[in-house]
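Student: this one's structure only:
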Ligand SMILES: [Zn+2]
Ligand SMILES: [Zn+2]
């Protein structure tokens, strides 16, 4: 019964699809399989669609979580899984109703490929919080049934509403990670009004943190990086930090008590958040963009004293993502990337687990042609 109903619903939803084509991709067959070469089906562009030849795709830690089904409680992985949501490429074809793009244009796709467009969140430009938002991979595909397939592929077809423009001055391999790491760090700073002359902290110098430093610096803030490893001091300064604090040094931390306007916490491991809340000035904000698996202990005193606030943030809406790309274009900001061929993706995942990358892997999708 259940299966029958599912099949009918699937048939009804996919009935208006006129045609499909085969695309190359790298896919995981199960939570324990390495990613390997595969052929997948994509829809031909319909009226509102843009078809993009993918040139570069960044590797986000979420890709690894999803491939290994580590979020099975919230978002169980459907296999085969084709991850990738930091996509930059060139438009190859557009539907008849597409006005924003034409063949040959640079284009980008981030974490979202669709939403209902009608709810309060969508109308306010917060598509990322739409309850019907469709993620770029492992989300229900209303066109073909099954789930959406992400950017570890030679092409993708996306509704023009979810396709972004890429400033032509940016290095494309380095621009790809802006689509997740860039917007994840830009959005909370933008929302909390980070501006010239403010004191901004960035906790954790990984894929997200290094983008946070670059963006905060470009916004004109006095940037302070908190790290556990003294070895990262020089690099943090190169990325735009004005000061670097070894977070284990309580005396050094205490010197900065009550002085920060904003702190971006990009740590996904268990850590003492109170140590950072105490560094905020009156009405200062700490926003979490990392997601520790276990709940954190928060001292109410840290918040009460000085009316401080603790927030979270998740990527950004489409308009804000475009604004971030344009800002990065004007400021000439891209991620620091290590470009790899797709054949090295499994090795890259192992290195990612050891934080052995400065600071993001970007897959050169030309390498997929030989598969
Ligand atoms: Zn991501
Ligand atoms: Zn919506």
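Tutor: Happy to help now that I have it. From a predicted model like this one, the values you see are computed outputs, not experimental measurements. Numbering: from 1, shown residues only. Ligands and ions are numbered 1, 2, ... in the order given.
Student: Angles on the backbone of residue 211, please.
Tutor: In terms of degrees, to the nearest 10, the main-chain angles of residue 211 are phi -70, psi -40.
Student: Which residues lie in contact with it in this structure?
Tutor: 177, 178, 181, 182, 184, 185, 186, 335, 359 (C-beta atoms under 8 Å, 6 or more residues apart in numbering). For glycine as for every other residue, the C-beta is placed from the backbone atoms N, C-alpha and C.
Student: The second one: neighbour count?
Tutor: Other residues within reach of residue 178, judged by other C-beta atoms under 10 Å, total 33.
Student: now swap in the fifth one and tell me
Tutor: Residues lying near residue 184 (other C-beta under 10 Å) number 27.
Student: wait, is it part of a helix?
Tutor: Yes - assessed with DSSP: H, G, I helix; E, B strand; the rest coil, residue 184 lies in a helix.
Student: switch to numbering from 15
Tutor: Okay, using 15 as the starting number, the last item reads as residue 198.
Student: For the stretch 265-385 of the chain, what lies in contact range of ligand 1?
Tutor: With C-beta under 5 Å from the ion as the criterion, the stretch 265-385 of the chain does not come near ligand 1 at any residue.
Student: now do the stretch 115-264 of the chain
Tutor: Residues of the stretch 115-264 of the chain lying near ligand 1 by C-beta under 5 Å from the ion: residue 194.
Student: where does the protein have low pLDDT?
Tutor: 15-32 (pLDDT under 70).
Student: Is residue 295 in contact with residue 276, as I believe?
Tutor: No - in this structure residue 295 lies outside contact range of residue 276 using C-beta atoms under 8 Å: 9.6 Å.
Student: Would you mind telling me which of these two has the busier surroundings?
Tutor: Neighbours were counted for residue 295 and for residue 276 using other C-beta under 10 Å; residue 276 has more, 24 against 15.
Student: so that one sits in a strand?
Tutor: Yes - applying three-state DSSP, one finds residue 276 inside a strand.
Student: So it sits against residue 214, correct?
Tutor: Yes - in this structure residue 276 lies within contact range of residue 214 using C-beta under 8 Å: 5.0 Å.
Student: which residues are in contact with both of the two?
Tutor: Taking C-beta under 8 Å, 6+ apart as the criterion, residue 276 and residue 214 both touch 203, 208, 235.
Student: Cool, thanks, signing off.
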